[in-house]
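Novice: structure here, sequence nowhere to be found:
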DNA sequence: CGAGCGGATGTGAACGTACACATCCGAGGG
DNA sequence: CCCTCGGATGTGTACGTTCACATCCGCTCG
């Protein structure tokens, strides 16, 4: 009955506005506005009166009105795929925290598939909210087409690099990470190394594969066609069962930790000892990786760091700052017990 | 130079508004408004002209102006913890999709700790955006205090039940799930069963523990004090190492799959065979659980279903529908290879 | 002692839309 | 043949805020 929101009688209780506050504080509405935007030219005494009135009424500034008059939505859009995965989820969490601290809202949109239509729909939904900036998490190749087709006119950053778009990218150096992983296996004496990759329309998958291939070719080792997976443990498992029918390799570099987990499972079922008979390296260092059987050697990415820096970069750009660092974040090889010297 | 957003000259290119569209279409702005809100009383021919003008100008309705005049933000708030985890992340993804399809935006806020201040800050941030409804994902006990303290005056749903708030809850029956898991172990002949629980200020952890204790007491088995963990694989591992110093139990029910993974790791290190020497049950059925060593027996929850239903429920409430189902979603026991009959 | 100045505060307008109401027009009925 | 009616369209206004400018006051300086 005293519910101010759901009551529907004509005498509906209106939320207090700036003029109500002004009346209570005995000042003009403009003074209240100044108090809200901490203008320098307001007497401390007046400020205190306004603050008291705000508390008394439980006043909250109306963000829609603000956005309308300033034409600034204070919203940052996030276009993401696979938010369920550890990496994107961690980055998004860091993005959210950083954005909130800076007084920005976040609007997150998931794309269900990597098809152009799906990407475009997601982007449309975000643009309709007049976002001030855009972050693309875990981008697919086609995202870039959509970005230029739709003439996205706001500053944006993708959390992966294509090389083509380095001015808009911020990334963990995936190629370097893949090289670290591959070199680790080579250093252990492995020469026949398999790569189970992520889907090829994912930029990260592509980069990891490239790093893998380059390192092999630098070491003059035979390269074999990578298997194209879908990031899931299930895929790693079934691919492993299939691959292990021909035991013509002694090490595998998996595109992420989940696929490595599945592959580990396949090895176990086929009676292969890891790392005795087979060395395995993953990618991401999800928190669970340290507890796999055996604990997984993998490449750690600092997802949170990337998220924070994305916001930093965009806010800088909105402020007009220039020359902010796009330097890639370096990944780190974490050696555990799933890799061993080839005997 | 032709960038309509970042240009800062006085002749700044303004985004087209409803009046611009009206002028091009040769109608009044109100007619454009009608076209946008598909009013019945507009001639098809006129509608077509307006549509053409909209396309020509690349017009997009200004949501801030709409929100201001209708005093409807079309935003649903999500308060969440642990968005990085599979369960909450899956629910949120489903929520986002359902909300978008219904024309709503989502505003997600993470709380970093379960302290009251943190919860209140998150809730404040959401309320400041004049959200129309609220979903609390993975709620802590203190959320309810905050909800009533802040007099949250919008429809809300928590994705877990306390029993106290069933009118605002939508949940997987955690107690039932925990009973299923515990009964499974009892049926296998185990009588000394350990429980590694989640943090006690989490409603889900509390519910799972209750289910565990009730099932034990129904079977007239000795209950032992559960270990209070933090959901992580690390905790499961270290707790396992500690607990296994006294091998006075033959089965463990872990509060989630991650802790089960860590416990599995500890068993392996202590030379215990699972399920030979120790049976283990997890909770959640994360996609990786099927590939643990051994594949984990666990309780599956339909996180996506819960997310979808949350939106359905709230939109119904906003529409004024009544009597929508709050019936709990039933969890399902998935028996894999981490449990066996006690010999 | 008055002009000028600057800090504090007030007034008018604008942002882009939807709602309430007014107007217009042609068709149909008395 | 005029009146009425209803569908289609137009006009005024309000939503809550900020920006640009106006005003007021007391003080300093020449």
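Specialist: Yep, it's here. For clarity, every value in this text was computed on a predicted model and none was experimentally measured.

Novice: show me what contacts residue A:98?
Specialist: In this structure, residue A:98 makes contact with A:307, A:308, A:311, A:312, judged by C-beta atoms under 8 Å, 6 or more residues apart in numbering or on different chains. Quick note: C-beta positions are derived from backbone N, CA and C, even for glycine.

Novice: swap the cut-off to 6 Å and go again
Specialist: Going by C-beta atoms under 6 Å, 6 or more residues apart in numbering or on different chains, residue A:98 touches A:308, A:311.

Novice: okay, residue A:87 and chain B: tell me how far apart.
Specialist: Here the distance between residue A:87 and chain B works out to 10 Å (C-beta to the nearest C-beta, to the nearest Å).

Novice: show me which positions of the strand or helix carrying that residue end up buried.
Specialist: Taking DSSP states H and E as the criterion, residue A:87 maps to helix A:86-101. Using 16 or more other C-beta atoms under 10 Å in any protein chain shown as the test for burial, helix A:86-101 gives A:86-100.

Novice: show the subsequent helix or strand relative to it.
Specialist: Assigned by DSSP H and E, the successor of helix A:86-101 is strand A:105-110.

Novice: and that next one, what other elements does it pack with?
Specialist: Counting contacts by 3 or more C-beta pairs under 6 Å, 6 or more residues apart in numbering or on different chains; DSSP states H and E, strand A:105-110 packs against strand A:75-80, helix A:116-127.

Novice: pLDDT averaged over it - what is it?
Specialist: Here strand A:105-110 scores 94 as its mean pLDDT.

Novice: give me the three-state assignment for residue A:309.
Specialist: Going by DSSP: H, G, I helix; E, B strand; the rest coil, the secondary structure assigned to residue A:309 is helix.

Novice: oh sorry, the question was meant for residue A:290
Specialist: Under three-state DSSP, residue A:290 falls in the helix class.

Novice: just checking, residue A:241 is part of a helix?
Specialist: Yes. Assessed by three-state DSSP, residue A:241 belongs to a helix.

Novice: how many other residues sit next to the nearest residue to it once chain neighbours are set aside?
Specialist: Nearest residue to residue A:241, sequence neighbours excluded (C-beta to C-beta, 6 or more residues apart in numbering or on different chains): residue A:266, at 4.8 Å. Neighbour count for residue A:266, taken as other C-beta atoms under 10 Å in any protein chain shown: 21.

Novice: for residue A:266, give its distance to residue A:192.
Specialist: 17 Å (C-beta to C-beta, to the nearest Å).

Novice: and the strands in chain A?
Specialist: Assigned by DSSP state E, chain A shows strands spanning A:75-80, A:105-110, A:133-137, A:156-158, A:193-197, A:227-228, A:251-254, A:279-281, A:298-300, A:332-334.

Novice: low-confidence stretches in the stretch 101-250 of chain A?
Specialist: A:162-164 (pLDDT under 70).

Novice: what parts of it come near chain B?
Specialist: A:105, A:107, A:110, A:128, A:129, A:153, A:154, A:233, A:237 (C-beta under 6 Å from any C-beta of the partner chain).

Novice: show me what contacts the fourth one?
Specialist: Under the criterion of C-beta under 6 Å, 6+ apart, the neighbours of residue A:128 are residue B:60.

Novice: give me the domain ranges for chain A.
Specialist: A:18-61, A:72-172+A:304-329, A:174-301 (automatic domain parsing).

Novice: how many residues are close by the closest residue to chain B within the stretch 201-343 of chain A?
Specialist: Here the stretch 201-343 of chain A gets closest to chain B at one residue, residue A:293, 3.7 Å apart by C-beta to the nearest C-beta. Neighbours of residue A:293 under the rule other C-beta under 10 Å: 20.

Novice: report the contact partners of it.
Specialist: residue B:293.

Novice: for it, give its distance to residue A:234.
Specialist: 17 Å.

Novice: go on, residue A:249?
Specialist: Counting by C-beta to C-beta - residue A:249 and residue A:234 are separated by 21 Å.

Novice: ok, the residue nearest to residue A:119 when sequence neighbours are not counted to chain B distance?
Specialist: Leaving aside its sequence neighbours, residue A:119 sits nearest to residue A:146 (C-beta to C-beta, 6+ apart; 4.5 Å). Counting by C-beta to the nearest C-beta, the gap from residue A:146 to chain B is 16 Å.
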